[in-house]
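Undergrad: Using only what follows, build the 3D model:
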Amino acid sequence: MPPVFPSRFVGVKRHNIDQKGRLTIPSAWRPGMDSKENFFLALPNPAGFVTVYPPKMIAQLEERISQISMGDMEAQQALTDLMMMAHSFSCDKQGRINLNDELLSFAKIRKGAVLVGKLTSFSIYSDAAFDAMQGSGGADPSTQAAIFKQFGL
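TA: Predicted structure coming up:
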């Protein structure tokens, strides 16, 4: 029986980009190959990494984006800038994806990448960006506590 499409992305995985520019997605995060859910949307995050959304989140993004007024020129320009770098893809039989050159360049991903699960999506960092983020010590404990409280954790 093929694996069920993951509803949760958790953990941290390091992978190398192969010679053809492909990156392997952790097996627990992959849909079954016969799944209609085998497509993702990758977007540049202003903090310098790539955020990857599964079909469920793509549908929510589509709904929110459809609410942007055509008359809101600032929002329309921001949306244009974001979608110019966006990339949609599916996993191949080995669970590999191929990000476009714009996203790889944006996130400064060359050889190594770090995939970080964020429950409903996952992020792809360059090795250097992830190591720098880890070296900074992360969020302040009181900030973390306030955020956890906001989500009822």
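
Undergrad: Report the buried residues of the helix or strand Glu62 falls within.
TA: Using DSSP states H and E, Glu62 sits within helix 55-66. Within helix 55-66, the residues that qualify as buried are Pro55, counting by 16 or more other C-beta atoms under 10 Å. For every residue, glycine as well, the C-beta is placed using N, CA and C.

Undergrad: repeat for stretch 38-55
TA: Buried positions in stretch 38-55, judged by neighbour count with 16+ other C-beta under 10 Å: 38, 40-44, 49-55.

Undergrad: Assign a three-state SS to the residue lying closest to Phe130 once chain neighbours are set aside, would you?
TA: In space, and not counting its chain neighbours, Phe130 is closest to Val114: 4.0 Å by C-beta to C-beta, 6 or more residues apart in numbering. Three-state assignment for Val114 (DSSP: H, G, I helix; E, B strand; the rest coil): strand.

Undergrad: Residues contacting the host helix or strand of Met83, please?
TA: Assessed by DSSP H and E, Met83 sits inside helix 73-85. By C-beta atoms under 8 Å, 6 or more residues apart in numbering, the residues outside helix 73-85 that reach it are Leu43, Pro44, Ile65, Ile68, Ser69, Met70, Asn100, Glu102, Leu103, Phe106.

Undergrad: what's the most distant pair in the residues you listed?
TA: Longest distance between any two of these is 28.9 Å, between Ser69 and Asn100; criterion C-beta to C-beta.

Undergrad: circling back to that earlier point, the helix holding Glu62: how far from the chain's middle?
TA: 14 Å (C-alpha atoms, centre = their mean, to the nearest Å).

Undergrad: Quick one: mean pLDDT over it.
TA: The average pLDDT within helix 55-66 is 89.

Undergrad: starting at the chain centroid, how far to the lowest-mean-pLDDT helix or strand in the chain?
TA: Of all helical and strand segments in the chain, the minimum by mean pLDDT, DSSP states H and E falls on helix 141-150, at a mean of 84. Relative to the centre of its chain, helix 141-150 is centred 23 Å away, using C-alpha atoms, centre = their mean.
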